[in-house]
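K.L.:
Dropping the sequence and predicted coords here.
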Amino acid sequence: MRTQRLVDRLDSGIFGGRRIQAWSVFASESRRHSIGAKDRQIGGMHSPEQLSESAGARYLVVWDDGQISRGTLERRQVELDPDAALAAARASAYEDPDSAQVLGPHDYPDVDLHDPGVAAIACGTADLFHSRLADLQQRFDDSDLRTWSASFSASDVDGAVVTSAGLEVHSSGTTCGWHATIDGEIGDGYSARKAECESEFQARVERLLAINRSLRVRTTDLEAGRRLVILHPRVVEAFVLDTLLHHLDGSQVAHGESRFRHEQFGDPSAVLREDISLTLEPLTPMRAGSYRFTSEGVPAARCRFIEGGRLIQPLLDLKYARRLSRAPTPLSNGPDSLRFSGREELSFDDALAEASALVLGVLGVHTQDAASGDFSLAAPQTLTVRGGRLGARCRTTIAGNLFQLLCDPELRFVRFEGETTPGLGVVCRLDPA
Amino acid sequence: MIEQLDQLDDLGAALFRRADEAGAYLIWRAQARSVSRIVVRDGRTEGATASSSIGHGVHVIGASGFAALGSRDDLLPEAALDVLERTVAAADCAGHPGSIPVSVPQLEVTRARCVPREVKEFSAIDLPSIGQRLVELESEIHSRVDGTRLLTSFRAEIDAWRVARSDGAVALFAMPRCSLGARATAVGPKSQHAVSVQVFGTSPRLLTDEAACSLFLRRAEQAARLARELPDAPRHPSGSFPIVIDYALAKGLAHEAFGHAAEADGFRSSVLARDGRFRCGERVGDDRVRVIDEPIERDHAWQPFSANAVPRRRATIVDRGRLHEGLADIWSAESGGVPITGAARAESFRNAPLPRMSNIRIEIDEPRPAPGRFEDYGPSEVRNLLGEAGILDRYPRVAFLSGYTGGQVNPVTGDFVFNCKAIYGIEAGRVTLYRPAIFSGSMFGALAAIREAFGPLQLDALGYCGKWGQSVPSSGGSHYFLFLEPDPTVRLGGD
């Protein structure tokens, strides 16, 4: 994207009779290519092969009267009409001293994020996707499924942060992924900076089909009560990690809406069980969640949020870092850049020996009140466990309070093959539905 | 913004000429969107943004009948023609094993324009003044209920489309949406709870409209009181109970349980279809029950035309307790055995449109009276309604679920879940507040369990629906309250 006209306009330092004191622009341009199947049918008008091109920018302008403007710009505004964009920005300016800051040059890590093969797919070469979609179709059709849907996508993104303080840093990254659902209820997929190798793809498909086979045998024979339940890594990501990140978010902490108070960060007392840690690791090559810098220009780096059950550091952008008088932090960019761990991880088989059920998926995560940590979730894809072996499927509901579970001595971390996030064994209310 | 879409005649002509030369059928969608948003916390502006976007998508059926969709976020002629050429090439190569060619149905060719007068008011939005007004409203809420942290917000959006087809149909329409919101968070010694409310309008003058602000303040006050009480509330036991739901939860039930399963793109797997066709005529509820979806003017989810330039019309999904018609677009109606209702919607020009709901409601013949406004009814007033209807004589204890916080459905199995803001245990002489819990079960069990309705229709329950990763506004409701008999397939979670 041609950002020079916008940068020159900002650099001129004057707009509409006002002086621009500082500015920051995060510009990105991407190409994306996807193909899919909906209810067994590949392509069609509801899931056609798609090619898209997009570009845009996020900006911050600090004016000489102390007011700031921030927002997004579309391609046309960036490339052709920065004056109109700046006029609109000034019209919505407001006072927010904590936001009035831009970063200067820093040292940035080199992280391998780009794969030429994926970049070619993003531009329209789709042989790999077509062959894998055909493969999925063959395997699913051979498995006597009621229905299945799938999508494959690849994107190639260039991004840059430029500021009035002399920062100019660029990054190129690709993303490649797929996701498939069976019978509209159980799914799996993959996302990274490059396509997974054939054997890993086949193994993941096989695991998905094996889970589906387990779900076909049904029972209602499950005793209600407080039980040790294993939450699958997808459930941990969608519910546990998302809730924790919500409460670690600097804006929630600063506004007193987090369960964690500001003064608890750095305090020696544990707020979760004393072996629990949550660390951001955004520098692993070719992971989907890895990156070089945030949209404000904060360098990616390893960052501990929780260690030994103690709060170390909230997630802080520039604004809330200043408000809380702390340094800004790198931010989470997806679950595969987070390391969530406890004292020991049980193998899946060892965990089964202790558990009553394995919860593969839950409905209604987005309906929960994150503030309280209370949860009450429908879990229609629950497998009973008998004598250390997976049994039949039972529709259940699970209920409890997440923060109590994360302090519970009975909590277990469980390793799952092919997953970067662990499963969790938790003691909670389990009811057959 | 509308002018930008009006000025696309030449570009449109060039694109259709090029598609025609390539033997392709084209649906061209240009979209212009502007969003202004401001958030106030603790008496000061925490964020204010005004953004706009424009772009177009070319949805092509190639000469061999296979589809592809290309998009780009500008309207430069040279780039647009390049996107079209690459998309036609992709469609021509899209005939892989398992792909089924698309046939274009015979359609009425309409040329229509629908731009509500309120759209002009959006050019005068003054975010700093709106911020001041939000600070005043925040202060008013605090003066009525203390002990909570408040976030107030205002959002104004115009979503404008120009959709044209190779057969000459053109629809240009704009959907103005404004909402005023508040979230109250209360922190107790051991837990904290947040409760949100919204008021909707189509004009940015919403903030100076006395009736709208009065309604907003009343709802916000109730939310703040509830947030303050919830940390001390116990959990409701789990199981099947006689249940009363308010109109917002009834919207959730209609949307999650019946609406999604009636969307015709899912008929190859939906529980409401057999062999890909809608199960028209089959009984799913009491004779008095209807489930209806339709665009309503000045509503959050109003859309006059589909994303395929077809006028959107009412769809009676359930009529007198029997399945009647689905929500279908031009690609799914014939195979699904239902009429085209113009139900296709898309979040963005980048997305392939899908059959979606607009404003969906559950209607019951001969509802019992509930005079006054919905906001006049707290749990004690609901207890009085139940008592007068003789329900508390049959059931000594009824669970009243209040407020909707979202839901989810599996249209393949008919399993649904949704959550509420609070549960009240209602008995003849007592009302007990409980924390929210998931309400889940089988859609057939839930609809068949509806026995009684109270009050007139209230259809302003707002939400956003995220089907297939595309977020579009949804809304709906029902009578003020619905009573459901206990059913073993419908359960409250809890503890």
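P.N.:
On my side now, so go ahead.
K.L.:
Enumerate the residues of the stretch 251-400 of chain B near chain A.
P.N.:
Applying C-beta under 8 Å from any C-beta of the partner chain, one finds that the stretch 251-400 of chain B approaches chain A through B:Asp265, B:Gly266, B:Arg268, B:Ser269, B:Trp331, B:Ser332, B:Arg350, B:Ala352, B:Leu354. From N, CA and C alone the C-beta is placed, and that goes for glycine too.
K.L.:
Of those, which belong to strands?
P.N.:
B:Leu354 (DSSP state E).
K.L.:
closest to B:Phe481 among the residues of the stretch 251-400 of chain B next to chain A?
P.N.:
B:Gly266 (30.4 Å; C-beta to C-beta).
K.L.:
Tell me which residues touch the nearest residue to the closest one once chain neighbours are set aside, please.
P.N.:
Residue nearest to B:Gly266 in three dimensions, not counting chain neighbours: B:Pro411, with 5.2 Å by C-beta to C-beta, 6 or more residues apart in numbering or on different chains. By C-beta atoms under 8 Å, 6 or more residues apart in numbering or on different chains, B:Pro411 lies in contact with A:Gly184, B:His260, B:Ala261, B:Glu263, B:Gly266, B:Ser269, B:Ser270, B:Val271, B:Leu272.
K.L.:
give me that answer again for 6 Å
P.N.:
By C-beta atoms under 6 Å, 6 or more residues apart in numbering or on different chains, B:Pro411 lies in contact with B:His260, B:Ala261, B:Gly266, B:Ser270.
K.L.:
Could you check how far it is from B:Val472?
P.N.:
Going from B:Pro411 to B:Val472 by C-beta to C-beta, to the nearest Å gives 17 Å.
K.L.:
Please apply the same query to A:Asp374.
P.N.:
Counting by C-beta to C-beta, the gap from A:Asp374 to B:Val472 is 29 Å.
K.L.:
can you give me the helices in the chain?
P.N.:
By default, I'm working from chain A. Ranges of helices in chain A, per DSSP state H, are A:4-11, A:75-79, A:82-91, A:116-122, A:127-141, A:198-215, A:233-235, A:242-248, A:250-254, A:318-323, A:348-354, A:402-405.
K.L.:
The intended chain is chain B.
P.N.:
Under DSSP H, chain B gives helices at B:2-6, B:9-21, B:77-92, B:127-144, B:210-229, B:247-252, B:333-336, B:379-388, B:391-394, B:443-448.
K.L.:
which other helices and strands contact the third one?
P.N.:
Using 3 or more C-beta pairs under 6 Å, 6 or more residues apart in numbering or on different chains; DSSP states H and E as the contact criterion, the secondary-structure elements in contact with helix B:77-92 are helix B:9-21, strand B:44-61, strand B:67-72.
K.L.:
8 Å instead?
P.N.:
strand A:49-63, helix B:9-21, strand B:44-61, strand B:67-72 (3 or more C-beta pairs under 8 Å, 6 or more residues apart in numbering or on different chains; DSSP states H and E).
K.L.:
residues of that helix that come out buried?
P.N.:
Residues of helix B:77-92 classed as buried by neighbour count (16 or more other C-beta atoms under 10 Å in any protein chain shown): B:Ala80, B:Leu81, B:Val83, B:Leu84, B:Arg86, B:Thr87, B:Val88, B:Ala89, B:Ala90, B:Ala91, B:Asp92.
K.L.:
Where does pLDDT dip in chain A?
P.N.:
A:1 (pLDDT under 70).
K.L.:
Spatially central residue for chain A, please.
P.N.:
Centroid-nearest residue in chain A, with C-alpha atoms, centre = their mean: A:Gly334, separated by 2.8 Å.
K.L.:
ok, it touching A:Pro282?
P.N.:
No: assessed by C-beta atoms under 8 Å, A:Gly334 is found out of contact with A:Pro282, at 9.2 Å.
K.L.:
low-confidence ranges in chain B?
P.N.:
B:494-495.
K.L.:
What's the separation between B:Ala248 and B:Gln222?
P.N.:
Counting by C-beta to C-beta, the gap from B:Ala248 to B:Gln222 is 13 Å.
K.L.:
more crowded one of the two?
P.N.:
Neighbour comparison, B:Ala248 and B:Gln222: the larger count goes to B:Ala248, with 24 against 20 (by other C-beta atoms under 10 Å in any protein chain shown).
K.L.:
which ones are touching the more buried one?
P.N.:
B:Gly403, B:Tyr404, B:Ala461, B:Gly477.
K.L.:
In strands, which of those fall?
P.N.:
Reading strands off the contacts of B:Ala248 with DSSP E, I get B:Gly403, B:Tyr404, B:Ala461, B:Gly477.
K.L.:
any idea how far A:Arg326 lies from B:Trp302?
P.N.:
For A:Arg326, the distance to B:Trp302 - C-beta to C-beta - is 46 Å.
K.L.:
Next: A:Ser92.
P.N.:
On the measure of C-beta to C-beta, A:Ser92 and B:Trp302 end up 26 Å apart.
K.L.:
Between these two, which is the more surrounded one?
P.N.:
A:Ser92 (25 against 22).
K.L.:
what sits against the more buried one?
P.N.:
Neighbouring residues of A:Ser92 by C-beta under 8 Å, 6+ apart: A:Ser69, A:Gly71, B:Ser36, B:Ala48, B:Thr49, B:Ala50, B:Leu127, B:Pro128.
K.L.:
swap the cut-off to 7 Å and go again
P.N.:
A:Ser92 makes contact with A:Ser69, B:Ala48, B:Thr49, B:Ala50, B:Leu127, according to C-beta atoms under 7 Å, 6 or more residues apart in numbering or on different chains.
K.L.:
neighbour-wise, which of those residues leads?
P.N.:
Busiest of those [other C-beta under 10 Å] is A:Ser69, holding 26 neighbours.
K.L.:
you'd agree it is up against A:Glu95?
P.N.:
No: counting by C-beta atoms under 7 Å, A:Ser69 does not reach A:Glu95; the two are 11.2 Å apart.
K.L.:
returning to what we had before: identify, from the contacts of B:Pro411, the entry nearest to B:Arg312.
P.N.:
B:His260 (17.3 Å).
K.L.:
Assess the claim that the closest one and B:Gln408 are in contact.
P.N.:
No: counting by C-beta under 7 Å, B:His260 stays clear of B:Gln408, with 9.3 Å between them.
K.L.:
which one of these two has more residues nearby?
P.N.:
When neighbours are counted by other C-beta under 10 Å, B:His260 comes out ahead of the other of B:His260 and B:Gln408, with 26 against 22.
K.L.:
residue contacts, the more buried one?
P.N.:
With C-beta under 7 Å, 6+ apart, B:His260 has these contacts: B:Val409, B:Pro411.
K.L.:
try 10 Å this time
P.N.:
B:266, B:270, B:272, B:327, B:355-357, B:360, B:407-411, B:414, B:416, B:443, B:465, B:467 (C-beta atoms under 10 Å, 6 or more residues apart in numbering or on different chains).
K.L.:
got it, and A:Arg386?
P.N.:
Contacts of A:Arg386 (C-beta under 10 Å, 6+ apart): A:Thr219, A:Asp221, A:Leu352, A:Ser356, A:Ala392.
K.L.:
Find the residues that touch each one of B:His260 and B:Gln408.
P.N.:
With C-beta under 10 Å, 6+ apart as the test, B:His260 and B:Gln408 both reach B:Phe416.
K.L.:
Show me which positions of stretch B:269-278 end up buried.
P.N.:
So for stretch B:269-278, counting by 16+ other C-beta under 10 Å, buried means B:Ser269, B:Ser270, B:Val271, B:Leu272, B:Ala273, B:Phe278.
K.L.:
would you list those in a markdown table and tack on distance to A:Pro330?
P.N.:
As requested, the buried residues of stretch B:269-278 are exported to a markdown table (distance: C-beta to C-beta, whole Å):
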| residue | distance to A:Pro330 |
| --- | --- |
| B:Ser269 | 42 |
| B:Ser270 | 44 |
| B:Val271 | 45 |
| B:Leu272 | 47 |
| B:Ala273 | 48 |
| B:Phe278 | 51 |
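K.L.:
quick one, what contacts residue 214?
P.N.:
Went with chain A since none was named. For A:Ser214, the contact set (C-beta under 10 Å, 6+ apart) comprises A:Ile186, A:Leu358, A:Leu360, A:Gln381, A:Leu383, A:Leu390, A:Gly391, A:Ala392, A:Arg393.
K.L.:
nope, chain B please
P.N.:
B:Val199, B:Glu375.
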